[in-house]
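Colleague: structural data only, the sequence is not supplied:
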């Protein structure tokens, strides 16, 4: 029986800024809001009250669009809040989605025959930039760090109005994001090596570019959540860096503010 081995080569680190081109809403809890308060509050850091973009929200959007882009079957159903959530998961370690975002064994098999595929990507929570914090604290906003948008739903027959208020982060605000990709060789059978890092890094940037033509958060069809990504730095830390703590081994790929399209072009030219 052949043995599969995962060999860590290093880590790609991608850092940048998410700029809101329109107001964005990622929902939080309504607990603690007084009567007459906001119907749809945003998620906030409980320590300082500042809004942020959860890494799970960004990663989930990336995975969802990757599944659609690659026309993969939504063959797995999870339960979330009592409702079915369908997505793609398989046991193919070469799958363009599962090898990056991970896949779990449908049978919850914890034996050596488990077909779980660990994800290679880490998406950190994105927090406000210092400049955006300063600007928002100077502004006379409806709620701390946020605005309130009033909307109306009209009955098409009676014209009965059903108003609601939605809290959202205003356009122009910026968040700092960080994505880490683990570069791994899979050795299987007769020493055959599979490595998808070059392809995966390009695909990660491409799906971020696709998000720019989509949205983050809720109510995207009503104009919410349009964003622009900029890469501020990208580098590669090989395993030698971690073993010997040798800074000279770090490979700088991008070191200045760059659009996604420019970053993709540079990576293709360098063949990272």
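Modeller: On my side now, so go ahead. All of these numbers come straight from a predicted model, not from anything done at the bench.
Colleague: now do the contacts for residue 89.
Modeller: 75-76, 98, 103-104, 106 (Cβ atoms under 8 Å, 6 or more residues apart in numbering). In short, each C-beta sits where N, CA and C put it, glycine included.
Colleague: relative to residue 78, how far out is it?
Modeller: 9 Å (Cβ to Cβ, to the nearest Å).
Colleague: picking up where we left off before, out of the contacts of residue 89, which end up buried?
Modeller: Buried by 16 or more other Cβ atoms under 10 Å: 98, 103-104, out of the contacts of residue 89.
Colleague: any idea which of those residues the model trusts least?
Modeller: Within those, pLDDT reaches its minimum at residue 104, with 84.
Colleague: next one: that one from residue 179, what distance?
Modeller: Residue 104 is 21 Å from residue 179, by Cβ to Cβ.
Colleague: residue 50: neighbouring residues, count only.
Modeller: Residue 50: 18 surrounding residues under other Cβ atoms under 10 Å.
Colleague: against residue 64, how distant is the residue positioned nearest the centre of the chain?
Modeller: Residue closest to the mean C-alpha point of the chain, counted by Cα atoms, centre = their mean, is residue 58 at 2.4 Å. As for residue 58, its distance to residue 64 is 11 Å (criterion: Cβ to Cβ).
Colleague: try residue 237
Modeller: On the measure of Cβ to Cβ, residue 237 and residue 64 end up 29 Å apart.
Colleague: with residue 130 instead?
Modeller: For residue 130, the distance to residue 64 - Cβ to Cβ - is 31 Å.
Colleague: for those two, indicate the residue with more neighbours.
Modeller: residue 64 (18 against 10).
Colleague: where does the protein dip in pLDDT?
Modeller: Residues of the chain meeting the criterion pLDDT under 70: 1-6, 28-39, 80-81, 106-114, 187-192, 271-272.
Colleague: what segments of it are helices?
Modeller: Assigned by DSSP state H, the helices in the chain fall at 55-69, 98-101, 130-138, 197-212, 239-244, 260-270.
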